[in-house]
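Participant: please find the sequence and the predicted model below.
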Amino acid sequence: MSHGKIREDKTCLNCGHHVEERFCPHCGQENIESKQPFHFLFTHFIEDFTHYDGQFWKTIQYLFTRPGKLTQEYLAGKRQIYVAPVKLYIFISFITFFLPSLFSHSKTEDNTPNRDNTLQVIKEKKETPKEIAQITDTLKKRITLHKEDINLPKEDESIKLNDIKDDSDTSLIDKASNGKLIILGAKNMEQFDSISHVKKDIAYAYIRPFAKKLFHLQDSGLSHDEISKRFTETLVHTLPKALFVYLPVFAFFLWVFHNKKRWWFFDHGIFTLHYFSFLLLSTLILIFLPKIRSLLPDNGIITFVMILLYAAVLVYMSVYFFVAHHRVYDTKKSTSILKGMALFIVNSIGILIMFLILLYVSFWMMH
């Protein structure tokens, strides 16, 4: 509670209603002087922070350790001591979206010496003819290794095409020794179109837009590993948005499977917000477990413990829904299990479809 000086005037500055004590009964604003000492800013901030802090941690504790209890309390009218469901979801969604980006690894610099650097070393160190011959030989090998990045003559392309033409075991996406992508045997878009024209396979027509995007990223200077990393980061950042879009769909399925007179769509919405807040919080834990592991020493026991923790979170995410559903909707265990399984299957299909759409969107958003 604030320690600001109470106004002698009993008229609320916010809404104009009469104030008997400290807070306005109409709008809830504290009836204190509009001008306060400078230190009031800091004391008021600390009081507000500690109040929210206690409210927040109690909400998180109930959300994570007592499935369904938070929804049960909210629907029973006990709302002042917990963070509101929408505010809770937005906050957890924000930290799930924002925190991983703070810990993303910066792009490593390429320390491989190029031709100019090598010549500079020769000038500075004044190597012997034998050392110069060795460096020259190394440069020749590098040029040979990266020759495929240069526009090859048509006869070379035809040779490669003949080698691939009858190869039925060509992988969808492969990785060359130099880290470049190979899609259905092609190392660039020109080769891909040539192979597609010879084989006349419908798969090439479907894959062509994706191949074009991947080769474009590769031509921009990204390696296979860098493309995979960017795709994963884009996918993780897009997940909270996709879950937000799926919220009303999840609540609709709950509405379909339960008594319409006893349970309003509002009730299902509260359950959905709490459940998805839990899913986001669990997702954040799954994201940070590998990052924590990378900071620890390379030890078999530590790796085993991390695997167990990862598996435990995944299992808990699956079990959580059934426990929360039984506690909130207060049905017989057998009925709750049957409805829970039906909802779990229906929503699993729905989330799978959403995930496929998410993969597609994430791929095209990657740059």
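Facilitator: Yes, it's here.
Participant: so what pLDDT did Ile357 get?
Facilitator: For Ile357, the pLDDT comes out at 84.
Participant: what is the burial count for it?
Facilitator: Ile357 sits with 12 neighbouring residues when counted by other Cβ atoms under 10 Å. From N, CA and C alone the C-beta is placed, and that goes for glycine too.
Participant: what about it, distance to Phe363?
Facilitator: Noted for Ile357: a distance of 11 Å to Phe363, by Cβ to Cβ, to the nearest Å.
Participant: before we move on, what about Ile207?
Facilitator: Using Cβ to Cβ, which is the criterion applied here, Ile207 is 12 Å from Phe363.
Participant: show me which of those two is the more surrounded one.
Facilitator: Shown here are Ile207 and Phe363; by other Cβ under 10 Å, Ile207 has more neighbours (18 against 15).
Participant: that one touches Leu184, doesn't it?
Facilitator: Yes. In this structure, Ile207 is within contact of Leu184 by Cβ atoms under 8 Å, at 6.7 Å.
Participant: thought Gly350 was touching Pro248?
Facilitator: No. The pair Gly350 and Pro248 fails to qualify as a contact (Cβ under 8 Å) at a distance of 11.5 Å.
Participant: tell me the SS of Leu63?
Facilitator: Three states are possible here, and by DSSP: H, G, I helix; E, B strand; the rest coil the one that applies to Leu63 is helix.
Participant: could you pull out the helices for this structure?
Facilitator: Per DSSP state H, the chain carries helices over the ranges 39-65, 69-75, 85-102, 115-125, 129-145, 154-165, 189-199, 202-219, 224-257, 265-295, 300-329, 333-365.
Participant: adding distance to Gly28, write those helices out as JSON lines.
Facilitator: As requested, the helices of the chain are arranged in JSON lines below (distance: least, Cβ to Cβ, whole Å):
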{"stretch": "helix 39-65", "distance to Gly28": "14"}
{"stretch": "helix 69-75", "distance to Gly28": "20"}
{"stretch": "helix 85-102", "distance to Gly28": "17"}
{"stretch": "helix 115-125", "distance to Gly28": "69"}
{"stretch": "helix 129-145", "distance to Gly28": "72"}
{"stretch": "helix 154-165", "distance to Gly28": "73"}
{"stretch": "helix 189-199", "distance to Gly28": "64"}
{"stretch": "helix 202-219", "distance to Gly28": "54"}
{"stretch": "helix 224-257", "distance to Gly28": "29"}
{"stretch": "helix 265-295", "distance to Gly28": "22"}
{"stretch": "helix 300-329", "distance to Gly28": "29"}
{"stretch": "helix 333-365", "distance to Gly28": "38"}
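Participant: Gly16 is nearest to which of these?
Facilitator: Taking Cβ to Cβ as the measure, the helices of the chain were each checked against Gly16, and helix 39-65 came out nearest at 23.6 Å.
Participant: average pLDDT for that closest one?
Facilitator: 72.
Participant: what of stretch 15-34?
Facilitator: Looking at stretch 15-34 alone, the average pLDDT works out to 84.
Participant: so where is the stretch 151-300 of the chain shaky, pLDDT-wise?
Facilitator: Flagging of the stretch 151-300 of the chain using pLDDT under 70 yields the residue ranges 151-181, 185, 224, 236-237.
Participant: let me see the contact set for the closest residue to Thr303 other than its chain neighbours.
Facilitator: Distances taken as Cβ to Cβ, 6 or more residues apart in numbering put Arg293 closest to Thr303, at 7.2 Å, once the chain neighbours are dropped. For Arg293, the set of contacting residues under the criterion of Cβ atoms under 8 Å, 6 or more residues apart in numbering consists of 302-303, 306.
Participant: and Arg293, how far is that from Phe304?
Facilitator: Arg293 is 11 Å from Phe304, where distance means Cβ to Cβ.
Participant: try His18
Facilitator: In terms of Cβ to Cβ, His18 sits 67 Å off from Phe304.
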